[in-house]
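Asks: model the structure of this input:
(one chain, ligands or ions: 1)
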Amino acid sequence: MRLGIISALAEEQMGLIDAMQHVEKQVHGMREYTAGKLWDIDAVCVLSRIGKVAAAMTASILVEKFRVTHIVFTGVAGSGDVGVRVGDIVVAESLVQHDMDASPLFPRFEIPLTGQSHIASDRDLTRRLALAAREFLQEEPDTPQLHRGLIASGDQFIKHRAQLGALKDALPDLLAVEMEGAAVAQVCFELGIPFGVIRTISDNANEDAPVDFMEFVHKVASRYAFGVLQNFCRT
Ligand code: ADE
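Replies: Presented below is the predicted three-dimensional model:
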């Protein structure tokens, strides 16, 4: 396995590169790719920046130029369900681009000419991510929960209750909202690369989200990402 590890922001990946051995850095297309050994795994870490196009480009380059065989996206997300709380972790079983709507040519959410709307993550990577997350959360105060299910991505930061309500009406199984995962899913689906997405909930995707998101990203996100990925790479 050669594992590509993508996060949108530096805070979501902090510490991982410091933990790498035999590091080789390469800049390509305005991103820095860091290859090396991460515990037992041959890995390439990179920051995609925010949004679906940025994430899709990064995933494509990881595969085509850096020859990764698997991809994991790790970062934060807004809650998409009342049962999913700030500090909980969501591991995606499937991902949908919530702003994809080519109707009436194709059903809402379907990616034109692929026949896909919800793209399933790789079962084995997802199982391993969930195990790593569960192990990490056991040591955390206030018993945060692990959830597995649907994550929706779009080029919008969800910050109004009504915005989330409309999404939830259309996607009742929704657990979390973010801005990259489903784009990585499409690239990996099309290139035949197994992938997983893991997200820590930073906010409730409501009017408080901008403040909660910033605070969580600065104070908590890197500790979570580091802890979970360490467990993942060691198993
Ligand atoms: N990532 C973290 N919180 C988010 C939100 N509320 N909307 C979209 N992406 C997010």
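
Asks: is the nearest residue to Gln21 once chain neighbours are set aside in a helix, a strand, or coil?
Replies: Using C-beta to C-beta, 6 or more residues apart in numbering and skipping the chain neighbours, the partner closest in space to Gln21 is Lys37 (4.5 Å). Quick note: C-beta positions are derived from backbone N, CA and C, even for glycine. Put simply, Lys37 is strand when judged by DSSP: H, G, I helix; E, B strand; the rest coil.

Asks: so who does Lys37 touch?
Replies: With contact set as C-beta atoms under 8 Å, 6 or more residues apart in numbering, Lys37 has these partners: 20-22, 43.

Asks: apply 10 Å and report the result again.
Replies: Residues near Lys37 by C-beta atoms under 10 Å, 6 or more residues apart in numbering: 19-23, 43, 233.

Asks: neighbour-wise, which one of these leads?
Replies: Ala43 (25 neighbours; other C-beta atoms under 10 Å).

Asks: quick one on the thing from earlier: show me which of the contacts of Lys37 is closest to Gln138.
Replies: Among the contacts of Lys37, Cys233 lies closest to Gln138 (C-beta to C-beta), at 17.9 Å.

Asks: just the buried residues of the regular element (helix or strand) spanning the closest one, please?
Replies: Applying DSSP states H and E as the criterion places Cys233 in helix 221-234. Of all the residues in helix 221-234, those buried under the rule 16 or more other C-beta atoms under 10 Å are 221-222, 224-233.

Asks: sorry, back to before: which of the contacts of Lys37 fall within helices?
Replies: Using DSSP state H, Cys233 are the members of these that sit in helices.

Asks: how close does Leu131 sit to Ala43?
Replies: Leu131 sits at a distance of 18 Å from Ala43 (criterion: C-beta to C-beta, to the nearest Å).

Asks: now do the strands in this protein.
Replies: Using DSSP state E, the strands of the chain run over residues 2-7, 21-28, 31-38, 41-47, 70-79, 89-97, 119-120, 146-153, 174-178, 195-203.

Asks: switch the ones you listed over to CSV; also include mean pLDDT and distance to Gly15.
Replies: Below are these laid out as CSV (pLDDT from 0 to 100; distance: least, C-beta to C-beta, whole Å):
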stretch, mean pLDDT, distance to Gly15
strand 2-7, 98, 11
strand 21-28, 97, 14
strand 31-38, 97, 11
strand 41-47, 97, 11
strand 70-79, 98, 12
strand 89-97, 98, 17
strand 119-120, 98, 29
strand 146-153, 98, 21
strand 174-178, 98, 21
strand 195-203, 97, 14
